[in-house]
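# sequence plus predicted model, see below.
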Amino acid sequence: MQLSHGAGACILSCTPLLAVDNTVNWAANARPMIERCCIRCHDGSGPGAYPLRTPAEVAAKRGTILRVLEQHSMPPFLPTHDSLVRRPPEPTKAEVERFAAWCDAGAPVGGDGAPVAAAPGSARGIPVPGASKLRMADAFTITAEEQRTMRSFQVPLGNDAPMLVGGVRVAFDQPRLIARIHLNAVPEQEGRRLDEIDSNAGFRLTGDGAGSPAGALAGCGIDGAFDLPDGFALEIPPRSALVAEAHADGRGRTEAGGFTVSLLAPRSVNGAAPRVCEVIVVGAQNAQADKATALEHTIVTPPLSRATTLVALSLRPGVYATAARLALELPGEAPSVIVDAPTFDVHQDRPYLLREPLRVPAGSRFTLQTVHPTEATAQKAVPQAVLLVVADAQGEPESSIDTLDELPAVDGAASRPDAKSKPIAPAIADILAGIQCIGALEVTQELTCPQIQALLGRAGEASTGGVPSCGVSWFDAVLAANALSSACGLSPRYSLASVHAAAESGAVTGAAVERHKGTGWRLPTDSEWSVIAASGKCSDAVGSLWEWCDGADGESRIVRGGCWADTPTARAPEARAAIEPSMRSELFGARLVRRVGGSPAGGAAASSDRGD
């Protein structure tokens, strides 16, 4: 056996042994490495794909073990050595050489064939009262071919007082199926509202709350475990619901995705109360710079106004990210890598602890860089890093980087940006002048770019096809409906929560949208759009721009009618497609409707197809 090392990876090549070395055996060459680095996951009940307890079990998989060591993929090495976060135990060069020699010799057992000793259990095993064995996702199934599936779930905690949490354990019904979980706590009422958005198990949204991101309570990777250092804790407010954002891929068959969460109590140091961590979000919402170039997306935060101590972090680089790096730039110094994942893989990712809590002085900046497979996915990505920090002795964590308080204004049900809006009376007159009455509906023409600018205070996507209509996302369209409703003195039909927005434009890229009964303007339902197109009263309904409807197909939203860029046969009343609601393009526009004599405002979401 010859072993060479280069660029952090092992390159193995086997040469025949000329003589049998009787000193090569299980106890000397294989068991120590397996015991130190592998058994935590490969004990037969953990996330490891197969057990590695006995000489026979290890011998049967020795080719695979050598291969993953050569590929540098196991143990899950994800962060590079220059990262400042803790890495799982990994074999030394000498351990790999001894194991390879054992493989070359035919995996001899020798005199001592005792199995690998079980990994020591966690010393932090005291559950938080009322927060142990929280059952989640019982009805969640993952089909054979699903890829990059994300679903969130909530369970009320019923806590009348704050809870302090020092760790988490997650027991999965199907080991290795759920790759990663981000945890969060939201008010009970918000948890119920999120759960009611989707009639399926859980809800097809991130685990973000109105005031906290998924990952604010850390979470876990495929091993189902996370612990803060002794002396640190996370706090859950009273009357909260626990939200779990779960990520998984199908494995060739339909499987149950249920799991059980237990929150563990923090451990104090010398009897002192634990220091409570708070959240800093490194993301697009208030970034000093937010730029997508080719396959890369880079976010730079403003300088910190006060010092903090970084304890742990979670990466949320985007569903299609292939690489992620978080760096820290101290005042007057070159950036230093905090965590670097050059081959990002959701199945190896997890919340990360710093090797030691890291004090970050005032004036420092964070830079989050992600790599994506295409320019389109890089442009659309909304990457984040969720940092768990404690304030220095002089104050609280920096509000300048707590981006959750600096999203575009969403004021109650109106959800209308007010700071950027220009006077809209001329635009309102223009819109109202074009209204057609079709049955019990008042229907606008397709909204134009000047109208969108007036309603939202920012530009839409001007068409290059010679049509006056303006390209918008589905989120833009519902915000425009609310703005028009407010300007007309009508009750808005939508409210938005858990909002994500682009830093430069303010355009919403993700949100939980709730519909309300009322008298205001909204998007037409799928069936209403068909009636509008068949009436012949709106000449731009077919073939101008694809028009957003208030119907959904999974996480996507329905568009109808085709557009100028389609072939003539594709521009038809029956043309229908499902598009991501954040898609902003010159090809997707909107018209608005309201039912004449609409019902009073108030109440929950209306029926799905009648619209009122």
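Arrived safely, thanks for sending.
# show the model's pLDDT score for residue 323.
For residue 323, the pLDDT comes out at 91.
# chain neighbours aside, what residue packs nearest to it?
residue 371 (3.9 Å; C-beta to C-beta, 6 or more residues apart in numbering). Using the backbone N, CA and C atoms, a C-beta is placed for each residue, glycine as well.
# burial of that neighbour, as a residue count?
For residue 371, the count of nearby residues is 23 (other C-beta atoms under 10 Å).
# got any ranges where this protein has weak pLDDT?
1-22, 46-47, 72-73, 75-77, 81, 119-125, 392-425, 503-505, 597-612 (pLDDT under 70).
# confirm residue 28 sits in a helix?
Yes: using DSSP: H, G, I helix; E, B strand; the rest coil, the secondary structure at residue 28 is a helix.
# that one touches residue 99, doesn't it?
No: using C-beta atoms under 8 Å, residue 28 makes no contact with residue 99, being 10.4 Å away.
# the more surrounded of these two?
residue 99 (24 against 14).
# check contacts around that one.
29, 30, 33, 65, 66, 69, 91 (C-beta atoms under 8 Å, 6 or more residues apart in numbering).
# phi, psi for it please.
phi -70, psi -40 (degrees, to the nearest 10).
# and the helix or strand hosting residue 529, how far from the chain's centre?
Element membership for residue 529 (DSSP states H and E) is helix 526-535. Per C-alpha atoms, centre = their mean, to the nearest Å, the displacement of helix 526-535 from the mean C-alpha position of its chain is 36 Å.
# buried ones in it?
Residues 526, 528, 529, 530, 532, 533 are the ones in helix 526-535 that count as buried (16 or more other C-beta atoms under 10 Å).
# stretch 197-215 now?
Applying 16+ other C-beta under 10 Å to stretch 197-215 flags 197-198, 201-203, 205-215 as buried.
# so how far is stretch 542-553 off the chain centroid?
27 Å.
# over to stretch 228-240?
21 Å.
# now the terminal residues of it, how far apart.
Using C-alpha to C-alpha, to the nearest Å, one end of stretch 228-240 lies 21 Å from the other.
# please apply the same query to stretch 318-338.
19 Å.
# give me the buried positions along that stretch.
318-329, 335, 337-338.
# quick one, helices of this protein?
In order along the chain, the chain carries the following helices (DSSP state H): 31-37, 55-60, 62-70, 93-104, 188-197, 375-380, 425-433, 449-456, 474-487, 526-535.
# just say which of those helices is most tucked in.
helix 474-487 (a mean of 26; mean count of other C-beta atoms under 10 Å).
# tell me who's in contact with the closest residue to residue 485 other than its chain neighbours.
Residue nearest to residue 485 in three dimensions, not counting chain neighbours: residue 520, with 3.0 Å by C-beta to C-beta, 6+ apart. If a contact means C-beta under 8 Å, 6+ apart, then residue 520 has 481-482, 484-486, 488, 490-493, 594, 598, 601 as its contacts.
# ok, residue 520 to residue 474 distance?
Distance, residue 520 to residue 474, using C-beta to C-beta, to the nearest Å: 17 Å.
# what sits opposite the residue nearest to residue 524 when sequence neighbours are not counted in the beta ladder?
Nearest non-adjacent residue to residue 524, counting by C-beta to C-beta, 6+ apart: residue 593, 4.7 Å away. Counting by DSSP bridges, residue 593 is bridged to residue 443, residue 522.
# quick one: contacts for residue 593?
Counted by C-beta under 8 Å, 6+ apart, residue 593 has contacts 441, 442, 443, 444, 521, 522, 523, 524, 528, 532, 611.
# list only buried entries from the residues you listed.
441, 442, 443, 444, 521, 522, 523, 524, 528, 532, 611.
# let me see the contact set for residue 382.
Neighbouring residues of residue 382 by C-beta under 8 Å, 6+ apart: 283, 284, 318, 500, 509, 510.
# what about those residues, which are in strands?
Members of the contacts of residue 382 lying in strands (criterion: DSSP state E): 500, 509, 510.
# can I get the contacts of residue 520 in CSV with distance to residue 356?
Output for the contacts of residue 520, formatted as CSV (distance: C-beta to C-beta, whole Å):
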residue, distance to residue 356
481, 51
482, 48
484, 55
485, 54
486, 52
488, 59
490, 57
491, 55
492, 50
493, 52
594, 60
598, 61
601, 55
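# ok, of those, which one's closest to residue 353?
Closest approach between the contacts of residue 520 and residue 353, by C-beta to C-beta: residue 482, at 42.8 Å.
# how close does the closest residue to the closest one other than its chain neighbours get to residue 252?
For residue 482, ignoring the flanking residues on the chain, the nearest one in space by C-beta to C-beta, 6+ apart is residue 492 at 4.1 Å. Counting by C-beta to C-beta, the gap from residue 492 to residue 252 is 46 Å.
# repeat for residue 294
Counting by C-beta to C-beta - residue 294 and residue 252 are separated by 34 Å.
# okay, the two: which has more neighbours?
Set residue 294 next to residue 252 and count neighbours by other C-beta under 10 Å: residue 294 wins out with 11 against 8.
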